[in-house]
Each structure stands twice: as C-alpha cells, then as structure tokens.
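In: Return a 3D structure for these sequence lines:
(chains A and B)
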Protein chains: 2
Amino acid sequence: MDKIPTSTLKRLPQYIEVLIRLRKAGLKEASATKISVFSNIHQTLVRKDISFTGVVPSKTGYEVEPLQKAIEKLLNWVDTSSSLLVGVGHLGSALLGYQEFSQKGLSIVAGFDNDPAKIGTQVHGVPVYSALDLTAMALQQDIRIGIITVPPDSSQLIADIMVHSGIKAIWNFTPHKIIVPPDIIVEYVDMFASLAVLSRRLAEQYKG
Amino acid sequence: MDKIPTSTLKRLPQYIEVLIRLRKAGLKEASATKISVFSNIHQTLVRKDISFTGVVPSKTGYEVEPLQKAIEKLLNWVDTSSSLLVGVGHLGSALLGYQEFSQKGLSIVAGFDNDPAKIGTQVHGVPVYSALDLTAMALQQDIRIGIITVPPDSSQLIADIMVHSGIKAIWNFTPHKIIVPPDIIVEYVDMFASLAVLSRRLAEQYKG
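Out: Predicted coordinates:
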C-alpha cells in the first residue's frame, strides 16, 4: 500500500462529510469546485487529494457515491477494526457511545478501568473490564487498536501495557507524549493544543 | 498583544504538562534539554517557544513554577473565560464534566440542547437550557466563547446563532467546516482527521 501524506489523510474525512451532504441534497455528481466551496479547501488541493483514490472525474464532476466509497476504502474505513479503550471516565464513556465510529471503520469492543464500581458494567452497551484483563483479551481477540482516555499521568503506563498486548496503533486522547517502539502508530487528539490557540487568539484580538 | 505562531501555541500546553510532572517529582529547575526529553520536542524549538514568555533560564535551567505560570499567562489561561456549550449529547456531556478545563482558563457556565428531556436538568453540575435561550444568556452574561458539540449537520446553524449572540471564539468539535465573519476565531478538534491517519497508517503497515 502506498504511503499517503498525512496532510491529505487529514483532509479526506472532510470530503466525505461534504459528499454525504450532497447526497442528502439529491446530487449525483460534484465538481472539485463544489467540493472546494463546501469544504473550504482550495480546489487544487481537493483535486490532488482525491487523485490518491484513483477516481477520475468526468467533464461534469465526480460521481458522488463512488467517490465517497473510494475515499472510505483509502482510509481503511470500509473494513471494521476492533479496538479497546482504557479509561472509562467522562470522555471515555462518551467515545464508547459515539455512533459515528461505526461509519469510520472503528468498533470499540471493550472498555477497561481500574474502578471496581465500573468493572462488570456496560457503558452504552460496551462491557467494561478490569485493566488487568487487557492483555489477555487483546491477544485472544487479536485487537490492534488501543484508545487511551485515562488521566495524563497514567498514559505511558497504559501505552506500555498496550504494546505488550500486541496493540499496533494507539489513539491517545491525553496531551502526554508517549514513548513507544518505532513500529507502533500513535495519533493524538490534543484538545488542549486547540484550546491554547483559541484562548491566545481571543486575548490577542480583544485584550489589545 | 503580540501574535504568537500557531505551532508554538500548540506546543506550549505540552511544556505545562512536563513542568507539572517535574514539580510533582520535587524539581525546582529544569533545563531546555530536560523539557525536550520529556516532551519529545527538539530543544531548539523548546528554547524558541519558551522565549515568547520572556522567561530567561539561569545556567542550570528554568525555574519550574515561574515558567509554568508564565506559559499559562501567555495562553490566557490565568484569567477564567466563561463559555457556553451547545449539544449536550455524549461528547458535550463529557466536556461539561471535564475538570481540567478549570486549570486552562475555561469555565463552561451553561449547556444548551433542543431535547426537552435535557432542558432544565444539570449535567455534571452545569445547567442545561433550551437552545432558544442562547442569545439572551450570551448577551446578558457577555460570554465570548462557544463550544459546538451538536451533530455535524447542525454546526453551521449553531455557529450562526453564536455569532449573532456576540460569541467571538468558536471551539468546534464537529468535522464540519463552518463559515463565520473574519473577526471570529474558530478552532477545531477534529478527531476524524486523526482517526483517518491512524486507520490508513495501520493498513499501510500491516496489510502490505
């Protein structure tokens, strides 16, 4: 499989959102210009990004449904990957209930926590186990994706356990940088980085 | 106030995390090298980023506590800003309960939803109102920050209402690009962009 640039990968989900909107509006075709307007991404980039799918537009544009499917295939969102989540707090619980994941190829099959009050319960239909059972379950079920929603202090420990348990890709929702072997994929959802920009820009603009 | 580069702003919260860890470990001083190791950011960047605070290191390093405070001041995290949140679903509810925001200068004073079952309740101690009351409350309480956690389809509508209600900075947790006047600050927490990279990299590495 060819390596696709990170910047392209990050934009592709936005095209899917646009294509879903266009489909809902009854459109069967969409030009790069139209996708550009709706996604607020320059049409040169739109064309370049979409070219990775191999889908070629007709004179009147891309076919909406096949393009959506092609992008989803490129992102590996067509096959569903099982994942586990560690840290069933507010954010972890929210993610367990996030129905959109099923359209993005992600199925969270188990939650883990060290709170006895949570262990043995279900959160949004997903069973919660003791963190001590993580390794056995990950290995038995050949789970490759681990989601970290623990307090930042514990993220490295959990990452270490995940790596030992055969997890190959870690989705880290804590701001803590974790250290893992080079073959392990790590992606961050760092809301505090985003909050930092928002907060400073607001001060710059309105505090003078 | 000087404009600080976005890339620097996004890294600054990571230094705060490192400084908190070092303080917990009893350290009073930290060199750029040490901060670099713990944050996994090159020390040239560490020095450059920190220089925006005006804090100058001694021969043995930066004083940990004053540096943390200086970064927090730079990010406008010392003053608490009131914000409102629209969309009290799984993710919105989780954010209402997110205690870390209080250390990052953010206080969510009200949630809004259009579900009658939620209106009039409290979620993690935050009152939930009808979305129809948003404008009045935002204007009365001079709230500048709006958080969007509605389904993507509704994000533009909510953004429009926020702008009309005097909101100056929008923190958008949906993947939908919203269109706002140029003086309005918008920051995204786009977890699907991150999931796209994770999912594709996993396929590239393990599907051949």
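
In: And the strands in chain A?
Out: Remark: strands of chain A, listed N- to C-terminal, are A:29-30, A:62-63, A:81-86, A:106-113, A:122-123, A:126-130, A:145-148, A:169-172, A:185-188; assignment by DSSP state E.

In: Figure out which of these is closest to A:Ser155.
Out: strand A:145-148 (5.4 Å; CB to CB). Where C-beta positions appear, they are placed from N, C-alpha and C, glycine not excepted.

In: Do any residues in that closest one lie close to chain B?
Out: Yes. Using CB under 8 Å from any CB of the partner chain, we find that strand A:145-148 touches chain B at A:Ile145.

In: Starting from that strand, tell me which strands it pairs with and how they run.
Out: Strand A:145-148 pairs in its sheet with strand A:81-86 (parallel), strand A:169-172 (parallel), by DSSP bridges.

In: quick one on the thing from earlier: need the strands of chain A in CSV (columns: distance to A:Ala203, mean pLDDT and mean neighbour count).
Out: Putting the strands of chain A into CSV (distance: least, CB to CB, whole Å; pLDDT from 0 to 100; neighbours: other CB atoms under 10 Å in any protein chain shown) gives the following:
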stretch, distance to A:Ala203, mean pLDDT, mean neighbour count
strand A:29-30, 40, 96, 20
strand A:62-63, 42, 97, 22
strand A:81-86, 35, 97, 22
strand A:106-113, 36, 97, 21
strand A:122-123, 38, 96, 15
strand A:126-130, 40, 98, 18
strand A:145-148, 31, 98, 27
strand A:169-172, 28, 98, 24
strand A:185-188, 25, 96, 20
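
In: Not counting its neighbours along the chain, what's nearest A:Val197?
Out: B:Leu9 (4.7 Å; CB to CB, 6 or more residues apart in numbering or on different chains).

In: what helices or strands is the longest helix along chain A leaning on?
Out: Using DSSP state H, we find that the single longest helix of chain A is helix A:6-24. In terms of contacts (3 or more CB pairs under 8 Å, 6 or more residues apart in numbering or on different chains; DSSP states H and E), helix A:6-24 is packed against strand A:29-30, helix A:32-39, helix A:43-51, helix A:64-74, helix B:191-206.

In: What helices and strands are in contact with the second one?
Out: Right, the one you point to is helix A:32-39. Partner elements for helix A:32-39 (3+ CB pairs under 8 Å, 6+ apart): helix A:6-24, helix A:43-51.

In: buried ones in it?
Out: A:32, A:34-36, A:38-39 (16 or more other CB atoms under 10 Å in any protein chain shown).

In: hmm, back to that, quick check: which of the helices and strands packed on helix A:6-24 is nearest to B:Val180?
Out: helix A:32-39 (15.3 Å).

In: hey, C-alpha coordinates of that closest one in CSV?
Out: This file holds the C-alpha atoms of helix A:32-39, laid out as CSV (Å, rounded to 0.1, in the frame of the first residue of the first chain):
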residue,chain,number,x,y,z
ALA,A,32,-13.9,19.8,-7.5
THR,A,33,-15.1,23.4,-7.3
LYS,A,34,-18.2,22.4,-5.5
ILE,A,35,-16.4,20.2,-3.1
SER,A,36,-13.9,23.0,-2.6
VAL,A,37,-16.6,25.5,-1.7
PHE,A,38,-18.3,23.2,0.8
SER,A,39,-15.1,22.0,2.5
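
In: now it, how far from the centre of its chain.
Out: 23 Å (CA atoms, centre = their mean, to the nearest Å).

In: What of stretch A:129-137?
Out: On CA atoms, centre = their mean, the centre of stretch A:129-137 falls 23 Å from the chain's centre.

In: And chain A, split by domain according to the record?
Out: A:6-74, A:81-193 (automatic domain parsing).

In: Let me know the closest of the buried residues of helix A:32-39 to chain B.
Out: A:Ser39 (5.9 Å; CB to the nearest CB).

In: That closest one against A:Val46, yeah?
Out: Yes. Using CB atoms under 8 Å, A:Ser39 is in contact with A:Val46, at 7.0 Å.

In: Residues that sit against both of those two, list them.
Out: A:Tyr15 (CB atoms under 8 Å, 6 or more residues apart in numbering or on different chains).

In: so where is chain A shaky, pLDDT-wise?
Out: For chain A, residues meeting the criterion pLDDT under 70 lie at A:208.

In: quick one: the residue nearest to A:Val197 from B:Val180, how far?
Out: 20 Å (CB to CB, to the nearest Å).

In: the more surrounded of the two?
Out: B:Leu9 (23 against 16; other CB atoms under 10 Å in any protein chain shown).

In: roughly how far apart are the more buried one and B:Asp49?
Out: 9 Å.

In: And for A:Ser154?
Out: 26 Å.

In: Comparing the two, which residue is more hemmed in?
Out: The neighbour count for A:Ser154 versus B:Asp49, taken as other CB under 10 Å, is higher for B:Asp49 (25 against 16).

In: Do I have it right that that one meets B:Pro13?
Out: No. With contact defined as CB under 8 Å, B:Asp49 and B:Pro13 do not form a contacting pair (10.9 Å).

In: Dump stretch A:173-189 to CSV, keeping only the CA atoms.
Out: Output of stretch A:173-189 as CSV, limited to C-alpha atoms (Å, rounded to 0.1, in the frame of the first residue of the first chain):
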residue,chain,number,x,y,z
PHE,A,173,-6.7,11.4,23.9
THR,A,174,-4.3,12.7,26.6
PRO,A,175,-1.9,15.5,26.0
HIS,A,176,1.0,13.4,27.3
LYS,A,177,3.5,12.4,24.6
ILE,A,178,4.0,8.6,25.0
ILE,A,179,7.2,6.7,24.0
VAL,A,180,6.6,3.5,22.0
PRO,A,181,8.7,1.3,19.7
PRO,A,182,9.1,2.8,16.1
ASP,A,183,6.7,0.3,14.5
ILE,A,184,3.8,1.4,16.7
ILE,A,185,1.5,4.0,15.3
VAL,A,186,0.4,6.8,17.6
GLU,A,187,-2.1,9.5,16.9
TYR,A,188,-3.2,12.3,19.3
VAL,A,189,-6.4,14.1,19.7
